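> fold the following for me, if possible:
(chains A and B)
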Amino acid sequence: MKKQDVPQDDANMLEGKFRVVKYALNDEGEFEKVPSVGWEPENVALSQAWDVIHERVEAARQQVLRGERSPLAYHMEKNMMDADLLARHVDLPARRVKRHLEPAGFGELDQALLERYAEALLVTVDELKQVPR
Amino acid sequence: MSQRDLVIPFDHQQSAHCETGVISNLMRFHGLPVSEPMAFGIGSGLFYSHMPFLKLNGIPVTSYRILPGHIFKRFARNVGVGIKRMKFREPLAAMAEMDRVLDQGLPVGMLTSVFYLPYLPKAFRFHFNAHNIVVFGREGDEYLVSDPVMDGTTRIHRSALMRARFAKGMPNTSGRMYFPTRVPTDADLRAAALKGLRRTARDMSTTPLPMFGSKGIGYLAGKLRHYERKMGEKEARLALGNLIRMQEEIGTGGAGFRFIFAAFLMEAAKLLQAPVLREKALEMSRIGDQWRDFAYEAGRLCKGRAATHITYDHLADKLSAIGRQETAFFKQLHQLARQL
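As a prediction, this is how the structure comes out:
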């Protein structure tokens, strides 16, 4: 890849925080580090991946509002976790976490466990108990 | 636990990839200037594998490099660098040990999860638990961070760093940290580069099993050809998007690794006074260009077939052509490296 061919397709993925570097050939035929603001196919693939995540979060939110799952399910999806990964973060068997994803199981949680979940999911206990309307 | 402010004079240089960037920055600090491509080549970082049975966040793993952490291991072995590595059960113990090493004036490398690094752009923050950074000081409740993919240094709050160091997943980061204990500033980089080069050429051309080494590219091409028939249009597009992410995203390196390797070959040509390696560098760069073409066309198909004439068959043909070229390339390099 030549220096002038290093892609500069900005889709604000880097939020203007920094540019990444790519190795490319300069006019002297040597490699050098060239800054790039992004590249189209990578932007497409990233936004596609985020669309999937947002769909899952929204689906979970709807399920919570319909009373089919507990708010824990929404916050779990929001943290891009599944029951297994969440279980490892709170140090519980996955089976128990799956139970807490149901409204009835969630209702049985004591303060200590609520705090453990809240801390693992980067929210307060109050936030953990609800979903945005 | 000591909490006095502390800044170790650490020369941060931006790199294309985290692990090789950390190696290069740490070595320079300890008096052994090694560029990122040199670190990559000496550590035999380049590889290829497509493992449909191994999933990361539910996505089959396609890797353009050896396992995380192994570049540093091989680099250290080939150069004769001594490294102290530690992992922990207790987050507080991990932080205390990091503070202790910082107090000795030594920058500390560590494994983190990008999901928990607030200073990184949101779009890149997936549960990727193999991101390497260096901590080189502390001020109040914050630590000073050299994250190799960034153009400048940054800061992170103590509690955020603790969380990033103790993420669960594949792998658990387990507070893993490391720092050089012995760096031979008169190391024979020629011998090390040659060792690294031979290893890469050998592993790419002779690793058994269809999914590893340069033939793994053809293996993926064979699977890709049937994506749409097997998964349906929507799922196939998602799978294709995941392939591109594996190839191009920060941290996984992807096609970018072909260019870093090309840069290594070019540096090695000078170091070893072997002009033939310069030819190989340019050849590798052209192969890297084809990886980029592939990703570009895959990206268009990802957006939706209506927008393009590109088919999965076409992409598979392209990929298998790349596979054939890499196979020939590394076979030649394997023979060439024996004569150097």
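> and the helix or strand hosting residue A:96, what other elements does it pack with?
Per DSSP states H and E, residue A:96 falls inside helix A:94-100. On a contact count with 3 or more Cβ pairs under 8 Å, 6 or more residues apart in numbering or on different chains; DSSP states H and E, helix A:94-100 meets helix A:83-90. No exception for glycine: its C-beta is placed from N, CA and C like everyone else's.
> now the helix it packs on, how far from the chain's geometric center?
Helix A:83-90 has its C-alpha centroid displaced from the chain centroid by 15 Å (Cα atoms, centre = their mean, to the nearest Å).
> next helix or strand past the helix holding residue A:96?
Following helix A:94-100 toward the C-terminus (DSSP H and E): helix A:103-107.
> name the nearest residue to the closest residue to chain A within chain B, sequence neighbours excluded.
Proximity of chain B to chain A (Cβ to the nearest Cβ) peaks at residue B:299, 2.7 Å away. Nearest non-adjacent residue to residue B:299, counting by Cβ to Cβ, 6 or more residues apart in numbering or on different chains: residue A:41, 2.7 Å away.
> can you list the residues of chain A near chain B?
Neighbours of chain B within chain A, by Cβ under 8 Å from any Cβ of the partner chain: A:1, A:13-15, A:17-25, A:30-31, A:33, A:35, A:39-42, A:44-50, A:52, A:80-81, A:85, A:88-89.
> PyMOL command to pick out the buried ones of those?
Buried subset of these, written as a PyMOL selection, criterion 16 or more other Cβ atoms under 10 Å in any protein chain shown:
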select buried, chain A and resi 1+13+14+18+19+20+21+22+23+24+25+31+33+39+41+42+44+45+46+47+48+49+80+81+85+88+89
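> please list the members of the residues of chain A next to chain B that lie in helices.
A:40-42, A:44-50, A:52, A:85, A:88-89 (DSSP state H).
> possible to save these as CSV with pLDDT?
Formatted as CSV, those follow (pLDDT from 0 to 100):
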residue, pLDDT
A:40, 87
A:41, 87
A:42, 86
A:44, 88
A:45, 86
A:46, 88
A:47, 90
A:48, 89
A:49, 89
A:50, 93
A:52, 92
A:85, 94
A:88, 95
A:89, 95
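> which of these sit farthest apart?
A:40 and A:88 (36.1 Å; Cβ to Cβ).
> which ones are touching residue A:109?
A:100, A:117 (Cβ atoms under 8 Å, 6 or more residues apart in numbering or on different chains).
> again with residue B:62
So residue B:62 contacts B:49-51, B:220, B:243, B:246-247 (Cβ under 8 Å, 6+ apart).
> scan these and report the most crowded one.
Per-residue neighbour counts (other Cβ atoms under 10 Å in any protein chain shown) across the contacts of residue B:62 peak at residue B:243, which has 26 neighbours.
> which helix or which strand is home to the residue lying closest to that one once chain neighbours are set aside?
Excluding its sequence neighbours, the residue lying closest to residue B:243 (Cβ to Cβ, 6+ apart) is residue B:62, at 6.1 Å. If you go by DSSP H and E, residue B:62 is part of strand B:59-65.
> tell me which residues of that strand come out buried.
Buried residues in strand B:59-65 (16+ other Cβ under 10 Å): B:59-65.
> same question, stretch B:141-152
B:142-150.
> kindly check the end-to-end length of it for me.
End-to-end span of stretch B:141-152 (Cα to Cα, to the nearest Å): 20 Å.
> chain B: strands as residue ranges?
B:6-7, B:46-56, B:59-65, B:82-86, B:108-112, B:131-139, B:142-146, B:154-157, B:177-182 (DSSP state E).
> what about residue A:72, neighbour count?
Residues near residue A:72, counting by other Cβ under 10 Å: 26.
> so what does it have for phi and psi?
Dihedral pair for residue A:72: phi -60, psi -40, per degrees, to the nearest 10.
> ok, it to residue B:198 distance?
53 Å (Cβ to Cβ, to the nearest Å).
> domains of chain A?
A:3-38, A:50-125 (automatic domain parsing).
> and if you look at chain B?
Using automatic domain parsing, chain B is parsed into the domains B:14-50+B:68-182, B:189-339.
> before we move on, the earlier item: let me have the buried residues of strand B:59-65 in a markdown table, extended by distance to residue B:313 and pLDDT.
Below are the buried residues of strand B:59-65 laid out as a markdown table (distance: Cβ to Cβ, whole Å; pLDDT from 0 to 100):
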| residue | distance to residue B:313 | pLDDT |
| --- | --- | --- |
| B:59 | 23 | 77 |
| B:60 | 20 | 84 |
| B:61 | 24 | 84 |
| B:62 | 19 | 87 |
| B:63 | 25 | 86 |
| B:64 | 23 | 87 |
| B:65 | 28 | 87 |
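> contacting residues for whatever residue of chain A ends up closest to chain B?
Chain A approaches chain B most closely through residue A:41 (2.7 Å), counting by Cβ to the nearest Cβ. By Cβ under 8 Å, 6+ apart, the residues touching residue A:41 are B:244, B:248, B:295-296, B:298-300, B:302.
> quick one: pLDDT of residue B:67?
Residue B:67 carries a pLDDT value of 86.
> same check, this time on residue A:69
97.
> with that, I have no additional questions.
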